[in-house]
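>>> predicted structure and sequence below. I'll ask about it afterward.
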Amino acid sequence: MANESISEQERHQREQILELDHEELLIEEVDDDSSDEDRHAIGSSSSGGLTFNTGLASLHTYLGNVEDTHHRDRVGFLEGGDIFSLPIFYLEGVVLFPEAILPLRVIEPNFIAAIERALTQVDDVSSSIIGVVRAHRNGNSGQRASFSSVGTTAEIRQYRRLDDGTLNIVTRGQHRFRLRRPYIDSEGVPCGEIQIIKEDLPLRTPIDALGDRLPLNKGSEENSDESFESSLSLTEKRVHQSAIVSCSEPENGGDSGLGLGKSSMSLSRTHSQHVNQSRRRFSRTFWPFWVYRMYDSYCLAQKASDMWKQIVGAPSMEGLVKKPDLLSFYIASKIPVSESTRQELLEIDGISYRLRREIELLESVNLIKCRHCQTVIARRSDMLAMSSDGPLGAYVNSHGFVHEVITLYRANDLTLVGVPVREYSWFPGYAWTITNCASCGNQMGWLFTATKKNLKPRLFWGIRSSEVSI
C-alpha cells in the first residue's frame, strides 16, 4: 500500500508539471527587491494563486520517467572494514554523504558500460553500487585535478536509458569509504579498491555523571538506573559500566572485609545502602556531568536540530534527534557551506565530533561570498528552501555536470548572461538564466524566474556551493 501511495503522489506531481509546461512562458524583468510576500509564499497556501511545490525539485523530474531498481534482491550487506573494488565517479564540486540523493547523467560509453555492469551483477555485495569521490583543483581550471581520499558508496536506485544511449540515474549515498588504490580497468573505466569505514555508536552520558539533576520517577532510584541501562544496547552498556567502575571501586583492598564481626558486617551493609541511596546525588565518574554532555551524541543532536530550525528552517530535523548518526550526515549534506568544508565533515570520524563541528558552522554561517574575489553576494537570512531537501541540493545538467546549489531569496552584485531558458529546468515552472559575479566575472549560478503568472516566488537564485566561501 505504501508503494502504491507513493506512486500515486508522484503521478499527481507529474500532472502538475505537465500543466506548467502547457502554460505560456512569462518572463518578467528581474528585480532584486522581491517582496516579503514572495519570500514567505513557499509552503503556504494562497487563495489568489499557485505556490511552488518544493517536493517537485527533490524528485528530479527533469530526468524523465526513471525505472526503479531498489526492488532487486541484494546478496549481502556492506560492513565496516570490507575491502573490494568498484567503479569510481570523480565529481568536481560534489560531496556525497550517506542517505543523500545524487542524480547523474552518464554520457561516456565506458561509464555507461560500468553502470550497466553494476546493475546486472546479482551475485556480489557491490551489486548496483558505485563510488563517488570529490575532485578539486587548487588553482585555475587548467590545473590537474586532485582527488579526496574519503568518498561514499552510492546505490543506483533509478535509471533511464535515453534514445541516444545515454543514461539518467538517481543514486542514494550509503557508506563512507577510504580510497586505497585508484586504477583504470581494461575498459577504460576509473575504478578503485576501497575499504568501508566502520562507523561508531552514538555516545551517551553515563547516568551517574548527572547526579541529582535527573528527575526521579515514582519508582525507586535504583529502578530509574535499571530503566536507563535497559534502554542501552550491549555495547553501550559496556561503555556505561566502564565509565563508572573505575570510580566505584572501594579504596581498601579486597581483603578489607576479612575478620569482621557481626556488628562490623552490619555497619558495612548500612554503609553500602547509604552509597546506593546517594548514587544519584554524587557522580561516580571521573568527569562532571557537563563534560560528558559536551560529547553526548543525543544532547548534541538536539542542539544541532534546534539551531537548524532557528537558522535554516527547512527541512525539520526533529524526527532524527533520536538517531544522531543519521542526523549528523543529514545536516552535513544540507548545510549551505563550501564544498571543501563539506568534505571536511565527511572525513570526520565520530558522530559527536561531526555534530560539534556542524554546530560551530551553524553558529558562524552569516555572509555568502564569491570564492574568487570575496564579494558579498548574500546573507544567511537570504537562504530559501526551494526543495523539500532544504536550501542546498545536487542537480545534474544536460551535459552531465553535477552542481550542488544553494537557493537564495535575494542576491547582490550578480549580472545576467543571455536569455531565460525553459528547457531542462531543475525547478518545474521556472526558467533559468546564467549569472556571473559582477566583480570578477566568475560563473556563480543561475537566476530562476517563474513561467506562470501566479507562481510564487516570482524569482530566486541558485548559487553553486563550489564557487562560494562562507
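Perfect, I can see it now.

>>> so the closest residue to residue 92 other than its chain neighbours: helix, strand or coil?
The spatially closest residue to residue 92, leaving aside those adjacent along the chain, is residue 135, at 4.8 Å (Cβ to Cβ, 6 or more residues apart in numbering). C-beta here means a position set from N, CA and C on the backbone, and glycine is covered the same way. Look at residue 135: counting by DSSP: H, G, I helix; E, B strand; the rest coil, its state is strand.

>>> separation between residue 135 and residue 466?
11 Å (Cβ to Cβ, to the nearest Å).

>>> likewise for residue 114?
Residue 114 sits 25 Å away from residue 466, going by Cβ to Cβ.

>>> for these two, indicate the residue with more neighbours.
With neighbours defined as other Cβ atoms under 10 Å, residue 114 and residue 466 compare such that residue 114 has more, 23 against 20.

>>> other SSEs contacting the helix or strand where that one lies?
Here residue 114 is covered by helix 109-120, with elements defined by DSSP states H and E. Counting contacts by 3 or more Cβ pairs under 8 Å, 6 or more residues apart in numbering; DSSP states H and E, the secondary-structure elements packed against helix 109-120 are strand 83-92, strand 129-136, strand 150-161, strand 167-184.

>>> show me what counts as buried in the first one.
Meaning strand 83-92. For strand 83-92, the buried set under the neighbour-count rule, 16 or more other Cβ atoms under 10 Å, comprises 84, 86, 87, 88, 89, 90, 91.

>>> now the last one
Taking 16+ other Cβ under 10 Å as the neighbour-count basis, strand 167-184 is seen to contain the buried residues 167-177, 179, 182.

>>> which SS class is the nearest residue to residue 422 once chain neighbours are set aside?
Taking Cβ to Cβ, 6+ apart, and ignoring the residues beside it in sequence, residue 422 has residue 431 as its nearest neighbour in space, at 4.6 Å. Secondary structure for residue 431, judged by three-state DSSP, is strand.

>>> show the pLDDT at residue 431.
pLDDT, the model's per-residue confidence, is 97 for residue 431.

>>> wait, doesn't it sit right on residue 446?
No: the pair residue 431 and residue 446 fails to qualify as a contact (Cβ atoms under 8 Å) at a distance of 9.6 Å.

>>> circling back to that earlier point, overlap in contacts of residue 135 and residue 466?
Where contact means Cβ atoms under 8 Å, 6 or more residues apart in numbering, the residues bridging residue 135 and residue 466 through contact with each are residue 92.

>>> remind me which residues of the stretch 201-350 of the chain are low pLDDT?
205-292, 314 (pLDDT under 70).

>>> rerun that using 90 as the cut-off
For the stretch 201-350 of the chain, the stretches with pLDDT under 90 are 201-297, 299, 307-322, 334-340.

>>> now the nearest residue in space to residue 176 that is not next to it in sequence: how far from residue 320?
With Cβ to Cβ, 6+ apart as the criterion, residue 176 has its nearest non-adjacent residue at 4.3 Å, and that residue is residue 197. To residue 320, residue 197 is 20 Å away according to Cβ to Cβ.

>>> check residue 439 too.
Applying Cβ to Cβ to residue 439 and residue 320 gives a distance of 39 Å.

>>> kindly report the same for residue 348.
Spatial separation of residue 348 from residue 320 under the definition Cβ to Cβ is 18 Å.

>>> for residue 356, same thing?
Separation of residue 356 from residue 320 (Cβ to Cβ): 17 Å.

>>> check residue 297 too.
Relative to residue 320, residue 297 is positioned 12 Å away (Cβ to Cβ).

>>> more neighbours: those two, which one.
residue 297 (25 against 20).

>>> test my guess that the more buried one contacts residue 204.
Yes: if you go by Cβ under 8 Å, residue 297 and residue 204 touch, sitting 7.0 Å apart.

>>> identify the contacts common to those two.
Going by Cβ under 8 Å, 6+ apart, no residue sits against residue 297 while also sitting against residue 204.

>>> how is this protein carved up into domains?
Listed domain ranges for the chain are 19-51+371-469, 67-196, 204-235+276-287, 297-364 (source: automatic domain parsing).

>>> most packed of those?
Mean neighbour count (mean count of other Cβ atoms under 10 Å) peaks for domain 297-364 among the domains of the chain, with a mean of 20.

>>> any idea how far apart the tips of that one sit?
Taking Cα to Cα, to the nearest Å, the first and last residues of domain 297-364 lie 21 Å apart.

>>> same thing with stretch 377-391?
So stretch 377-391: terminal residues 16 Å apart, Cα to Cα.

>>> likewise for stretch 97-105?
With Cα to Cα as the measure, stretch 97-105 spans 19 Å from end to end.

>>> what bridges to residue 182?
On the basis of DSSP bridges, residue 182 is bridged to residue 192.

>>> correct me, but it touches residue 192?
Yes: shown here, residue 182 and residue 192 form a contact pair, counting by Cβ under 8 Å, at 4.6 Å.

>>> touching both of those two, which residues are there?
Taking Cβ under 8 Å, 6+ apart as the contact rule, residue 182 and residue 192 both touch residue 88.

>>> hey, where'd the helices end up in the stretch 351-470 of the chain?
Read by DSSP state H, counting those that start in this stretch, the stretch 351-470 of the chain holds these helices, from start to end of the chain: 351-364.

>>> where in it is pLDDT low?
In the predicted model, the stretch 351-470 of the chain carries pLDDT under 90 at residues 362-366, 371, 380-381, 383-385, 387-392, 452-456, 465-466, 469-470.

>>> one more pass at 50, please.
Of all residues in the stretch 351-470 of the chain, none has pLDDT under 50.
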